[in-house]
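Trainee: Build me a model:
(2 chains)
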Protein chains: 2
Amino acid sequence: MSMTPLPPGSTIGILGGGQLGRMLALAAARLGFDVAILEPEADSPAARVAAHAIVGAYDDPRALTALAELADVVTFEFENVPAGAVERLTALGVRVAPGAKALAVAQDRVAEKTFLNEAGAPTVAFAKADDILEAAQALEQIGAPALMKTRRDGYDGKGQMWVEHAADAGRAFAALGGKPVIVEAPADFVRELSVIAARGCDGEIAVYPLGENHHEKGVLRQTMAPAQVSADTAAQAERIAHQILTSLDYVGVIGIELFELADGRLLVNEIAPRVHNTGHWTQDGCEVDQFEQQIRAVAGWPLGPTAALARVEMINLLGEEADHWAKLAGEPDARLHLYGKRETKPGRKMGHVNRLRPL
Amino acid sequence: MSMTPLPPGSTIGILGGGQLGRMLALAAARLGFDVAILEPEADSPAARVAAHAIVGAYDDPRALTALAELADVVTFEFENVPAGAVERLTALGVRVAPGAKALAVAQDRVAEKTFLNEAGAPTVAFAKADDILEAAQALEQIGAPALMKTRRDGYDGKGQMWVEHAADAGRAFAALGGKPVIVEAPADFVRELSVIAARGCDGEIAVYPLGENHHEKGVLRQTMAPAQVSADTAAQAERIAHQILTSLDYVGVIGIELFELADGRLLVNEIAPRVHNTGHWTQDGCEVDQFEQQIRAVAGWPLGPTAALARVEMINLLGEEADHWAKLAGEPDARLHLYGKRETKPGRKMGHVNRLRPL
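Mentor: Reported below is the predicted structural model:
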């Protein structure tokens, strides 16, 4: 799909008022756009830097109509956008990017892995299960130990558990709420990598260097970028990104989480159809960061350069870690990004810091 | 003056809703601050990226009271802030930075040059004149040709004219509105340079590399930075910046316009007690740009590093030049900054582009 680029002064609609929406709004403003945020909570971090704020549920028809009246294009900061919201916005004549297909795939772990394998992006072996009986069968098929996850609504390590023995399948299924699940073979990975990529309205693709990620308790702790990888690994990641973006006829930035195996192969862990925490290093490591890239893509602008200008260590500031802002502000090579969240909760993403070193 | 640094979540008040206010607001948001804009016009570029917008005159007591209730510190994007506004905000218990002294000096060209010379920052020879008789005397003293400028309210080449012959002094004085003027000896400069510097609440000073500026019809057209200068020139500029900032007990970013003479001496042309158009290159050429630096300074945070990471050519986009945004967006090394102004007028600053090259 090609389109006439949206002129500055147009309004970018964003579903979601958290830190990703906020950083998208700041990037949009730099390019002369206005921003309209739709978010259920008032006084959200993104709304406070946007020209327009609509407070409402993501599936509230009146809120969506108000957004459609303001916005020339709508994007989102999270993958669990209700399908009905996209349908309604589309029916109201507003383009939504990335589109419904990317959301459908990202919202359901079974649809996601099925899509990825069809697109030629390898994943671990998996099986789906809708009830206790199927859960036991899935464990038989995949073998224990395995990871059982709800098909929908998991994030940051929530909605998943390890099943050590096949006999525990039913208990795990019940513990996850008795909802449809996916059972995944463990990935015997040596590293967690990710690649942030973008595709423009004209099909142009731009891929950032890989990041190496470290999680703690399911939450991203650190990204080192550009990751030290072989040329073959970089080429695999680039190929995977191209296949995913092209197969989805995607417009926007995507985050692709990867497992690097001992033999050098990459498997796709999951995809996020949005700017991604593992791409925050681009804010201080690249000329055009993932947030501006997303705005460029959905506005039909040409994509920007993705080369790294520095080595970056991105550290998430979780909960009270953000209270150390004064110390971090005094470190000469630490670029501080704080999200304007009113309340500090344990483990909550309050900000991040990018520590820069020469390439 | 030292102070406890303002915590993220505090509100920075900004007088002025134009592009400088907008870029200050974006920098403040990145550090987790809220922003309140006071500006006479509704729907201003800065208000559209700020949590709070107060529409009112800068000397409107109600507007100032509203701002004082919101803001933990107040700064400004232009030097012609009414002295009464600063007095009122101060009386309401709100700190204003940079302070009243810097504003008083920057608002009156005679006070400015008198201050600069006292501070050890050399300028051209000058004389003041309050009436036609004094205008003629000033021309006699300085010698023709000379530059006659209104003492107050001039900017971008407005409110000034060349006087070729001493006999024209009266005519020029009348043409400038019969208001108090300054008569300046011409500076026989080889280049126009500028230096952007900052001073923190604790007296810490940080100086960016020099920029080389090219004006057209009194309006900045281009800045090349870092300027190619001798070590002696850089040292002179650094010394001048230190002397000015210290003498004013300054807190914030200052723009200092300089003339480089054929013999290598630097004269100060004028100072602007705010972020400055000739400092826009820092947005893409430095880790911490002048906007974040200003927020850091007025919030009592430590100053950030000022070293250049790239060579930057900053070009102002005046009037319809900004209509070429699509072409500029496609240039890989051009970083585009657009101000969100609703109306394009001839010569109006609509945006700028920073073209990057390796150092």
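Trainee: Run through the residues that contact the residue in the stretch 201-350 of chain A positioned nearest to chain B.
Mentor: When distances are taken as C-beta to the nearest C-beta, the stretch 201-350 of chain A reaches nearest to chain B at residue A:338, 2.8 Å away. Yep, even glycine has a C-beta here, placed from its N, CA and C like the rest. For residue A:338, the contact set (C-beta atoms under 8 Å, 6 or more residues apart in numbering or on different chains) comprises A:317, A:322, A:325, A:350, A:351, B:8, B:30, B:31, B:32.
Trainee: Would you check that the fifth one makes contact with residue A:323?
Mentor: Yep, that's residue A:351 we're talking about. No. Assessed by C-beta atoms under 8 Å, residue A:351 is found out of contact with residue A:323, at 10.4 Å.
Trainee: ok, these two, which is more surrounded?
Mentor: Using other C-beta atoms under 10 Å in any protein chain shown as the criterion, residue A:351 and residue A:323 rank with residue A:351 on top: 24 against 13.
Trainee: Could you say which helix or strand holds the more buried one?
Mentor: Using DSSP states H and E, residue A:351 sits within strand A:349-357.
Trainee: partners of that strand in the sheet?
Mentor: strand A:311-318 (antiparallel), strand A:334-338 (antiparallel) (DSSP bridges).
Trainee: for stretch A:8-21, the distance to its chain's centre please.
Mentor: Chain-centre distance of stretch A:8-21: 15 Å, with C-alpha atoms, centre = their mean, to the nearest Å.
Trainee: C-alpha coordinates for that stretch, PDB please?
Mentor: The C-alpha coordinates for stretch A:8-21 follow below in PDB (Å, rounded to 0.1, in the frame of the first residue of the first chain):
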ATOM      1  CA  PRO A   8       3.000  18.200   9.200                       C
ATOM      2  CA  GLY A   9       0.100  19.600  11.100                       C
ATOM      3  CA  SER A  10      -1.800  16.400  10.600                       C
ATOM      4  CA  THR A  11      -2.900  14.500  13.700                       C
ATOM      5  CA  ILE A  12      -1.600  11.100  14.700                       C
ATOM      6  CA  GLY A  13      -4.000   9.100  16.900                       C
ATOM      7  CA  ILE A  14      -2.500   6.800  19.400                       C
ATOM      8  CA  LEU A  15      -4.300   4.100  21.400                       C
ATOM      9  CA  GLY A  16      -2.700   3.900  24.800                       C
ATOM     10  CA  GLY A  17      -1.400   6.600  27.100                       C
ATOM     11  CA  GLY A  18       1.600   4.900  28.700                       C
ATOM     12  CA  GLN A  19       5.300   5.500  28.200                       C
ATOM     13  CA  LEU A  20       5.400   4.100  24.600                       C
ATOM     14  CA  GLY A  21       2.500   6.400  23.600                       C
END
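Trainee: for chain A, what spans make up the helices?
Mentor: A:19-30, A:61-70, A:83-91, A:100-107, A:109-118, A:132-142, A:169-175, A:231-247, A:282-285, A:290-298, A:325-329 (DSSP state H).
Trainee: just checking, what packs against the first one?
Mentor: Based on contacts counted as 3 or more C-beta pairs under 8 Å, 6 or more residues apart in numbering or on different chains; DSSP states H and E, the elements that helix A:19-30 packs against are strand A:11-15, strand A:34-39, helix A:290-298, helix B:19-30, strand B:334-338.
Trainee: Residues in contact with that helix: which ones?
Mentor: A:12, A:14-15, A:34-35, A:37, A:39, A:44-46, A:48-50, A:75, A:77-78, A:274-275, A:283, A:289, A:291-292, A:294-295, A:337, A:339-341, A:349, A:351, B:22, B:26, B:29-30, B:48-49, B:336-338, B:340.
Trainee: rewinding a little: and residue B:197, which of the helices and strands packed on helix A:19-30 is closest to it?
Mentor: helix B:19-30 (16.5 Å; C-beta to C-beta).
Trainee: Within range of chain B, give me the residues from the stretch 201-350 of chain A.
Mentor: By the rule C-beta under 8 Å from any C-beta of the partner chain, the part of the stretch 201-350 of chain A lying against chain B is A:284, A:287-288, A:296, A:301-302, A:304-305, A:309-310, A:322, A:325-326, A:329-330, A:332-333, A:335-340, A:342.
Trainee: Mind giving me the ChimeraX select for these, buried ones only?
Mentor: Buried residues among these (16 or more other C-beta atoms under 10 Å in any protein chain shown), as a ChimeraX selection:
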select /A:284,287,288,296,301,302,304,305,309,310,322,325,329,333,335,336,337,338,339,340
